[in-house]
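J.: Sequence and predicted structure, then a few things I'm wondering about:
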Amino acid sequence: MEALRDRGLTALRLVLAFTLLSTTLHYAHNVIRAADYPQVEGIPVGVAAALVVVAYVLFTTFGLLGYRDYLRGRYWRALAFLMVFSLSGLASLGHFLVAVPQIPAFWFATIYTDTAAALLLWVFVTWAATKLNRVNVPDQLSTQH
């Protein structure tokens, strides 16, 4: 558990900072320039922008809850929240389900930084879960044979 408190907290803070920066930039651009992104037939641009705002708030809330629970030592709960938060980055790939966005390169790159952030969260969650699942064998059991 010490690794989770020490190294884990530093790593989590870095991953969350990167994720928040990337998703905030990408989702803000999605809202401000919603008409520049491929549109889903039957969903007006204003409604799509509002849905992006709602998604951003919900995903970010899960990220904050995950961080809070991690600080409190509720690791499994924190990891579950962080996995939900990672969906914010994967959702960015959804643009390609409709069409390739015709947006400036910087904003296009945020689709991929969001995906990278999601994958980093998965790596972190996997690492933390392996630390939580580590079984310690008492010395007396390991020396008997």
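T.: Nice, thanks for sending it over.
J.: any weak-confidence spans in this protein?
T.: Within the chain, the stretches with pLDDT under 70 are 1, 135-145.
J.: Now with 50, please.
T.: For the chain, no stretch has pLDDT under 50.
J.: So which residue is smack in the middle of it?
T.: residue 86 (2.5 Å; Cα atoms, centre = their mean).
J.: got a list of contacts for the strand or helix carrying that one?
T.: Taking DSSP states H and E as the criterion, residue 86 maps to helix 75-91. Helix 75-91 is contacted by residues 1, 4, 12, 19, 22-23, 27, 55-56, 59-60, 62-63, 65-70, 114-119, 121-122, 124-125, 128-129, 132 when judged by Cβ atoms under 8 Å, 6 or more residues apart in numbering. Using the backbone N, CA and C atoms, a C-beta is placed for each residue, glycine as well.
J.: Now, of the residues you listed, which are buried?
T.: Buried residues within the contacts of helix 75-91, counting neighbours by 16 or more other Cβ atoms under 10 Å: 4, 12, 19, 22-23, 27, 55-56, 59-60, 62-63, 65-67, 69-70, 114-115, 117-118, 121-122, 124-125, 128.
J.: Next, count neighbours for the residue nearest to residue 35 when sequence neighbours are not counted.
T.: Leaving aside its chain neighbours, residue 35 sits nearest to residue 45 (5.1 Å; criterion: Cβ to Cβ, 6 or more residues apart in numbering). Neighbours of residue 45 under the rule other Cβ atoms under 10 Å: 12.
J.: Tell me the spacing between residue 45 and residue 27.
T.: Separation of residue 45 from residue 27 (Cβ to Cβ, to the nearest Å) stands at 15 Å.
J.: just to revisit the earlier point, can I have the helix holding residue 86 written out in CSV, keeping just the CAs?
T.: The C-alpha trace of helix 75-91 is given here as CSV (Å, rounded to 0.1, in the frame of the first residue of the first chain):
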residue,chain,number,x,y,z
TYR,A,75,-8.3,2.4,-3.8
TRP,A,76,-10.7,0.0,-5.5
ARG,A,77,-13.5,2.6,-5.6
ALA,A,78,-11.0,5.2,-6.8
LEU,A,79,-9.9,2.9,-9.6
ALA,A,80,-13.4,2.3,-10.7
PHE,A,81,-14.1,6.1,-10.9
LEU,A,82,-10.9,6.6,-12.8
MET,A,83,-11.8,4.0,-15.4
VAL,A,84,-15.1,5.8,-16.0
PHE,A,85,-13.2,9.0,-16.3
SER,A,86,-10.9,7.4,-18.9
LEU,A,87,-14.0,7.1,-21.2
SER,A,88,-13.7,10.9,-21.7
GLY,A,89,-10.6,10.3,-23.8
LEU,A,90,-12.0,7.3,-25.6
ALA,A,91,-15.2,9.2,-26.5
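J.: No further queries at this time; thank you.
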